[in-house]
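Undergrad: I need the structure of the sequence given here:
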Amino acid sequence: MLGPADVGHRVVVRRVVGGSADRPLFTDLLGELAALTPEELTVVTRHGPVVVPRGEVHRAKRVPARRRVTTREIVALEQVAAAGWPAPETERLGAWLLRAASGWTARGNSALAAGDPGLPLPAAIDAVVAWYAARGLAAAVTTPLPAASRLAAALDARGWRAAPPVLVQTAPVAALLPGEPPEVHLAPAPSDGWLAVVSERKGGLPAAARHILTAVPQVRFAHGYDDSGELCGVARGVVTDGWLGVSLMEVAPAARRRGVARQLLRALGGWARDVGAERAYLQVEEGNEPAVALYAGVGFTTHHTYVTYRAPSG
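TA: Next up is the predicted model:
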């Protein structure tokens, strides 16, 4: 039987769908396991998500993943995502991108190791440490996996600390659109209320944060409101190189499980489609099971993962 460690992986589930007096009838589901509870499991198939009560599961197991994503595809998507989260200070180390944003977010203050740094790995790591030290920041390196697995091993050997893995997930923009027209306001600039929600979540908004949020030419800030007119959900969408990037999704606790997040995604998807985007991506921590289940329910699947490593203090 499947367990929590199988969430996010490709599985096959044999399900009892009926039968006669002498034999049961089965059907097989193949897809990504999006959620697992004591009562049911959710499998995202190519036709959409399917919820299976535990009592109908005859057997289930993890199966090999679909075609492995190539290093070239991983690097290309990481570059798209970096363009959608632009740090105010950047510099190239070969193909690596060094980013500084006054310490606001790991993505904005880490070296994106996507490609060849043009130096042997030990020298490249030393150069990263020196670059961040010159700015009064702790050195950090974001390693897209499995593309940067050799670098990840080198950082492990140096005693660098690994943050929880992050799933980089993708979906067709069209998958975000079905449903009633969303009651969401999209604006080219964030409102004060939108900024207040993000500031509380992220521990403030320095000038560097506002640069990251607004410096992309094609950007929209989604505002969801409840029946009383109170802001109950926010999200940010950017379009770079034909991709919609979704970030900073936040729904007020009192408004959760009411479809607000899906409406935010639907609104951003509609805007992105209108400006020519066909694919969407987002990043979510592997351990954030409610968010992983939400995104799986609208068709997101894992493209690759990344881990951000921080240099040991002292």
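Undergrad: Contacts only, for A138.
TA: 132, 310-311, 313 (C-beta atoms under 8 Å, 6 or more residues apart in numbering). The way it works is simple: take the backbone N, C-alpha and C, and place the C-beta from them, glycine included.
Undergrad: now with 10 Å?
TA: A138 is in contact with 103, 109-110, 129, 132, 161, 310-313, counting by C-beta atoms under 10 Å, 6 or more residues apart in numbering.
Undergrad: same thing with R310?
TA: Going by C-beta under 10 Å, 6+ apart, R310 touches 106, 109-110, 132, 138-141, 155, 160-163.
Undergrad: Show me the beta-bridge partners of it.
TA: A140, R161 (DSSP bridges).
Undergrad: cool, and K61?
TA: Applying DSSP bridges to K61 gives these bridge partners: V12.
Undergrad: Can you give me the neighbour number for it?
TA: Look at K61: counted by other C-beta atoms under 10 Å, it has 11 neighbours.
Undergrad: May I ask you to confirm that it is in contact with D6?
TA: Yes. K61 is within contact range of D6, at 8.6 Å (criterion: C-beta atoms under 10 Å).
Undergrad: quick one on the thing from earlier: next step: the contacts of A138 restricted to strands.
TA: Among those, DSSP state E puts 161, 310 in strands.
Undergrad: Name the nearest of the contacts of A138 relative to D22.
TA: Closest approach to D22 among the contacts of A138 (C-beta to C-beta): R161, at 59.0 Å.
Undergrad: Dump the contacts of R310 into TSV; add distance to A76 as well.
TA: Output for the contacts of R310, formatted as TSV (distance: C-beta to C-beta, whole Å):
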residue	distance to A76
A106	21
N109	23
S110	19
Y132	26
A138	28
A139	25
A140	22
V141	19
L155	23
W160	26
R161	28
A162	24
A163	23
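Undergrad: Report the buried members of those.
TA: Those of the contacts of R310 that meet the buried threshold are 106, 109-110, 132, 139-141, 155, 160, by 16 or more other C-beta atoms under 10 Å.
Undergrad: Taking those residues, tell me the two that lie furthest apart.
TA: Across these, the longest distance by C-beta to C-beta is 16.1 Å; it joins N109 and L155.
Undergrad: State the mean pLDDT of stretch 86-100.
TA: Average pLDDT, stretch 86-100: 98.
Undergrad: If you could redo that for stretch 114-134, that was the one I meant.
TA: In this model, stretch 114-134 carries a mean pLDDT of 97.
Undergrad: Looking at the contacts of A138, which is nearest H304?
TA: Relative to H304, the closest of these is S110; by C-beta to C-beta it sits at 16.4 Å.
Undergrad: Could you check the pLDDT of D22?
TA: With respect to pLDDT, D22 has a value of 75.
Undergrad: ok but it is inside a strand, no?
TA: No. The assignment for D22, made by DSSP: H, G, I helix; E, B strand; the rest coil, is coil rather than a strand.
Undergrad: Could I get the contacting residues of the residue nearest the centre of the chain?
TA: Central residue check for the chain by C-alpha atoms, centre = their mean: the C-alpha nearest the mean position is that of Q283, 1.3 Å away. Listed by C-beta under 10 Å, 6+ apart, the contact set of Q283 reads 81, 85, 107, 166-169, 245-247, 305-306.
Undergrad: Just to be sure, it is in a helix?
TA: No. Using three-state DSSP, the assignment for Q283 is strand, not a helix.
Undergrad: can you pull up the bridge partners for it?
TA: For Q283, the beta-bridge partners are V168 (DSSP bridges).
Undergrad: Just to check, L244 is in contact with A175?
TA: No. With contact defined as C-beta under 10 Å, L244 does not reach A175; the gap is 11.2 Å.
Undergrad: neighbour-wise, which of those two wins?
TA: Taking neighbours as other C-beta under 10 Å, L244 and A175 compare with L244 leading, 28 against 16.
Undergrad: Using CSV, list the CA coordinates for the helix or strand containing that one.
TA: Using DSSP states H and E, L244 sits within strand 243-251. The C-alpha trace of strand 243-251 is given here as CSV (Å, rounded to 0.1, in the frame of the first residue of the first chain):
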residue,chain,number,x,y,z
TRP,A,243,5.3,31.0,-19.4
LEU,A,244,3.0,32.0,-16.6
GLY,A,245,4.7,32.0,-13.2
VAL,A,246,2.5,31.9,-10.1
SER,A,247,3.8,32.9,-6.7
LEU,A,248,2.8,34.3,-3.3
MET,A,249,-0.5,32.5,-3.3
GLU,A,250,-2.1,33.3,0.1
VAL,A,251,-5.7,32.7,1.3
